[in-house]
Every structure is written in structure tokens, then in C-alpha cells.
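**Q** Below are the sequence and a predicted model for it; my questions follow.
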Amino acid sequence: MSTKKLALVMIFAAGILWAANAATLFSDDFSDTNQSRIKWIWQGQGCTMTFSGGAAKLANTDSTYSAFLVHTLTPKPSTFTLSATFTLATAVNGAGFMYCLGTSGSTFVGYSLQLGTAQNLFVYKYAVGGGTLVIPNKSSSAIATGTNALAVSKSSDTLNIFVNGQYVTRFNDAQYQNGDIAILVPPKSTFKIDNVLVTDQFLTDNTPSCFSDSFKTTDLEGWNTSPMMGNATVGAGKCVLDNTDTLYSSIIYTDGNFKTASIKVAVRQEQGAGMYGVCFVSVIPKDSGRVQYKPYAFLVDSMRRYSIVYPDSANVRTRAAQSFIYGSLGTDTLEVIHYATHFAFKVNGTDVGETIPAPSSYRIDGAGLYVSKRTGATYENFVVGGDSSGARCTAIASVINRSILTRATLPKFGAASVVYDVMGRKIGPLSTVTFNRLISGPYIIVTKSADGAIVKALRVMKMPK
């Protein structure tokens, strides 16, 4: 990940108590264990809720049936946002929550949002007669390993799904307009849950229209690595992809609204004779939860040649070697410029000279890095966004007036700046990881000195991207 751009608005505040736009209808941070036991009731056998570190640990020992930890909402809103933080082991499949929950006889009805074992999630609709997969297998680069903040936001028949503050997908269904909520615990599973919150706010699609990564840190947050065969490692300003597969190319990509975006990256060959470069990606759900990835790739190789991988073509034509491509002799800067009806491919500032079609029938779901079979390459300073003038990603925006700015500078990422929710509950240090896992809305940042004294407090609105 690293220097990922965030969309924030920061406003100076004299204190940390202030009114938020959204009203809280229910919350539980599991810090008061007695109150948490009162708020929830189990539906299932062999279930336990214990507490540790300000979170609840849920366990279901049944080997066949899921369990539900239910809270009865009063009143039951038809417009709401439900969010919660889940910390899972990699083997847990199907942990999540239910919403618009009701009963018909002895049958639970409503919807669920559940996490898979990789970077994927799914949505069920429960009715008399059984469950139906509404969203069978949605992969997303927003889903992290271990801890994820899930949110579903409903208004009328529209239900928007968010993970770690980023819009992932939505579905439309009007059968269940309101109801209760529950935490869904799959058979033979244990995980942690924290910061359950229901507000009366509806969150709209905040799909990011740009993304940048300078690979300063050693995590791949923000990237979907499901299509990668081989190794993907990041850190110290570099992303190294080593595709060990003998038949197929590999990609890693980030989700976003990149329908008019351009791409730029610096890349050099590490090993192998295959192509490497950048791509747009179309993600096609298939039967039985399978996913097909269709890359539209713009590539070079060690022999100073370039090629274009068209998404619906079985053949790739490699063009002749060009003097403006460095290949194995150095680092190449690749740019894909996105025009209304075509792409331009530039290498080290020189247009390769082809008009490459940008058909409206090709759906762009993400953008990322491409490496051919048995080939390795190192990438630096990836950017997707902007338009036909070039790739760019807008930095943090602030609306602080000049007089305030002179007496209170914006907090910096780091342990000295701590993020709280509007109820005063500590979330964690101000970092790109912390903030990208929050849904859009108001927060509080408290900056402390080296001896722990509070220097200032800022009220913060995380804006949709």
C-alpha cells in the first residue's frame, strides 16, 4: 500500500464533543460486558460470547448449523447504515451480519452480508423455502486479511455494500423493508466482533475514481491479489511480481471507477522472457461462484518490444523492438492515456504510434499490474486516475480557513494522532490503514505531544471518494 491518497475534510474544533449529521439508533463497542449481554440474544446451540480487549469473541461449536446473535431494534428503520468490525482467522467462511431480519413461522427471513476466505464476500436473501444468493462471489481489493469493517446502507430498495470505507457493490430488492439485526456465526467457527453501529444515514456510492501506491510499506492493502499466481511482495518503494505459473499470466488490481482514467507506472524486468506492464480489468462473475478476469493490457519486454493484450482476443501480437524502450537495459515508464474512443500507449514519453480502441462494451472494474508466465518484474509509483490529460490522484482536501491554519496545523499520520468516533471511542492511530477501514462520516482526531498531553482536537469528516 503506502502513500495512498485519501479524501478527507478537516475542521478545527475547540473540543471533541459535537453533533453529527447521522443519528445513532444502536451501538455496541463491547466495553461494557454486562450491557452487551443484555443487548444480544443467541439463536443457536453451543454458542458463546466472551470478551477481550474491548471486543466480543463469538464461537459456534455446532458442526451443521449457523448461529445468530440477535438484537431487536426499536423502532425498526427502513433507511439505515449498519456497520461492524470483524476479525477472522483465514479458515472462517461466512461470518457477517443479517439485516431486515424477521421470522415467518420458525424461519428467519431477511438478508445477510458475509465474508469469504479470500478477498471476497457474498449476500444471501433468506425466505421461506431457503436462501438465495443475491451476490454470489464479489471480490474486492478493499477486503483486507484479518480485520475488516463491513457496512450495508439501505434506502428504499437500494442496498449499498461497503468494506473498510470503500463502496464495493450494491443490490436492489424491496421484499424486506425493515427488521432486526444479527451477527451470523457459521458452523464450527470463532471470530471477534467490535463496533456494531446502526445509524439513520444512507451512504451513497463512494467508489474511488483514482488510486496511487508508492509501495513504501510491506502490505498489499488496496490490491486484489486473487488472480496472482506466484509471489507479490511490496516495500521500500517497490512492488515485485514473480509469476511462477508455466501457462498463464497474472495480475493484481485495485477496484475503482476508472471508466475515464489513465494509468502510469515505472517498471523493470527481473527475470524471464515474458511481457510485463499495466492493465485495466473486467471482472465477470460466473457459475458456482467462479470469477473470470479479462485484462486489457499494455506491455513491454526485456527485448525492448511492446504488445497489447486485447480482452477478447486469444492471440497477442508482439511488435518489433523500439529504441525508446529500455527493456533489460533499464527502467521503463509506461503510460496509458484514456481518450473517449481509444487509448494511447506511451513508453518513456514516446507514443508507440498505434490507435488502440476503447470500446464501450468493455466494462472496466479495476486497474493494475500485469506479468506474463514465468516472468518477474519490479514496479514503482503506480497511479490510476485523471483523464486524457494523464494519470493523477487528487491529494487530501481541507477546508480550514487561513486564521485557523496559522495556529493549528493539520495532524500528521503517526502514533501521535489518534482517531476516535463521535461517541469518544478510540479507533486507533491516524494512518492510511486506519482511515481506509472507516466508512464515510464524522470522526475526531486528537493530537498528543511526546509526553502524552493533548495538543489539539479536530473534528473530521471522511468524505466519499
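**A** Everything's here; your move.
**Q** where are the low-confidence patches of the stretch 151-300 of the chain?
**A** Flagging of the stretch 151-300 of the chain using pLDDT under 70 yields the residue ranges 287-289.
**Q** So what touches stretch 345-352?
**A** Here stretch 345-352 makes contact (C-beta atoms under 8 Å, 6 or more residues apart in numbering) with 298, 300, 306, 308, 319, 322, 324-326, 332-337, 344, 354, 356. C-beta coordinates here come from the backbone N, C-alpha and C atoms, glycine included.
**Q** Selection in PyMOL covering whichever of those are buried, please.
**A** Buried members of the contacts of stretch 345-352 can be picked out in PyMOL with the line below, counting by 16 or more other C-beta atoms under 10 Å:
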select buried, resi 298+300+306+308+322+325+326+332+334+335+336+337+344+356
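**Q** Could you report the separation of the residue lying closest to residue 388 once chain neighbours are set aside from residue 355?
**A** Excluding the flanking residues, the one nearest residue 388 by C-beta to C-beta, 6 or more residues apart in numbering is residue 339, at 4.9 Å. From residue 339 over to residue 355 the distance is 9 Å, taken as C-beta to C-beta, to the nearest Å.
**Q** Find the centremost residue of this structure, please.
**A** For the chain, residue 142 is the residue whose C-alpha lies nearest the centre (C-alpha atoms, centre = their mean; 1.4 Å).
**Q** residues in contact with that residue?
**A** Per C-beta under 8 Å, 6+ apart, neighbours of residue 142: 163-166, 168, 222, 255, 436.
**Q** now those residues in JSON lines, with neighbour count?
**A** Formatted as JSON lines, the contacts of residue 142 follow (neighbours: other C-beta atoms under 10 Å):
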{"residue": "163", "neighbour count": "26"}
{"residue": "164", "neighbour count": "25"}
{"residue": "165", "neighbour count": "24"}
{"residue": "166", "neighbour count": "26"}
{"residue": "168", "neighbour count": "23"}
{"residue": "222", "neighbour count": "24"}
{"residue": "255", "neighbour count": "29"}
{"residue": "436", "neighbour count": "21"}
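**Q** Show me those residues that map onto strands.
**A** Residues from these lying in strands, with DSSP state E as the criterion: 163, 166, 168, 255.
**Q** Show me what the last one bridges to in the sheet.
**A** When bridges are called by DSSP bridges, residue 255 pairs up with residue 366.
**Q** same thing with the second one?
**A** The bridge-partner assignment for residue 166, based on DSSP bridges, gives residue 163.
**Q** wait, it sits on residue 255?
**A** Yes: counting by C-beta atoms under 8 Å, residue 255 is a contact partner of residue 166 at 7.4 Å.
**Q** Next, show the common contact partners of those two.
**A** Both residue 166 and residue 255 are in contact with 140, 142, 207-208, where contact means C-beta under 8 Å, 6+ apart.
**Q** now for those residues, which pair is the farthest apart?
**A** The most widely separated members of these, counting by C-beta to C-beta, are 140 and 208 (11.7 Å).
**Q** list residues touching both of these two?
**A** Common neighbours of residue 140 and residue 208 (C-beta under 8 Å, 6+ apart) are 166, 255.
**Q** In PDB, list the C-alpha atoms belonging to stretch 232-242.
**A** Output of stretch 232-242 as PDB, limited to C-alpha atoms (Å, rounded to 0.1, in the frame of the first residue of the first chain):
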ATOM      1  CA  ALA A 232       3.700 -10.500  -4.900                       C
ATOM      2  CA  THR A 233       5.800  -8.500  -2.400                       C
ATOM      3  CA  VAL A 234       5.900  -4.800  -1.600                       C
ATOM      4  CA  GLY A 235       8.100  -2.400   0.400                       C
ATOM      5  CA  ALA A 236      10.900   0.100   0.200                       C
ATOM      6  CA  GLY A 237       9.200   1.800  -2.700                       C
ATOM      7  CA  LYS A 238       8.900  -1.300  -4.900                       C
ATOM      8  CA  CYS A 239       6.300  -4.000  -5.900                       C
ATOM      9  CA  VAL A 240       7.800  -7.200  -7.100                       C
ATOM     10  CA  LEU A 241       5.600  -9.700  -9.000                       C
ATOM     11  CA  ASP A 242       7.100 -13.100  -9.700                       C
END
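**Q** Quick check: beta-bridge partners of the nearest residue in space to residue 25 that is not next to it in sequence?
**A** Nearest non-adjacent residue to residue 25, counting by C-beta to C-beta, 6+ apart: residue 198, 4.5 Å away. Beta-bridge pairing of residue 198 under DSSP bridges involves residue 26, residue 82.
**Q** again, but for residue 149
**A** For residue 149, the beta-bridge partners under DSSP bridges are residue 85.
**Q** Touching, residue 138 and residue 169? I think so.
**A** Yes: proximity of residue 138 to residue 169 meets the contact threshold set by C-beta under 8 Å, at 5.1 Å.
**Q** When these two are compared, which one has more neighbours?
**A** Neighbours per residue, other C-beta atoms under 10 Å: of residue 138 and residue 169, the larger number sits with residue 138, 21 against 17.
**Q** ok so, going back, looking at the ones in strands among the contacts of residue 142, which one is closest to residue 35?
**A** Lowest distance from residue 35 to those (C-beta to C-beta) belongs to residue 163, with 27.8 Å.
**Q** Quick one: low-confidence residue ranges for the stretch 301-450 of the chain.
**A** Within the stretch 301-450 of the chain, the segments meeting pLDDT under 70 span 394-415, 421-426, 432-442, 449-450.
**Q** Please, where are all the helices along it?
**A** 402-407, 432-436 (DSSP state H, counting those that start in this stretch).
**Q** Helix or strand: which one has residue 196?
**A** strand 189-199 (DSSP states H and E).
**Q** Please give the centre-to-centre distance between the helix or strand just after that strand and its chain.
**A** As assigned by DSSP H and E, the chain's next helix or strand after strand 189-199 is strand 211-213. When distances are taken as C-alpha atoms, centre = their mean, to the nearest Å, strand 211-213 is centred 13 Å away from the chain's centroid.
**Q** and the residue nearest to the centre of the chain, helix, strand or coil?
**A** Applying DSSP: H, G, I helix; E, B strand; the rest coil to residue 142 yields a three-state assignment of coil.
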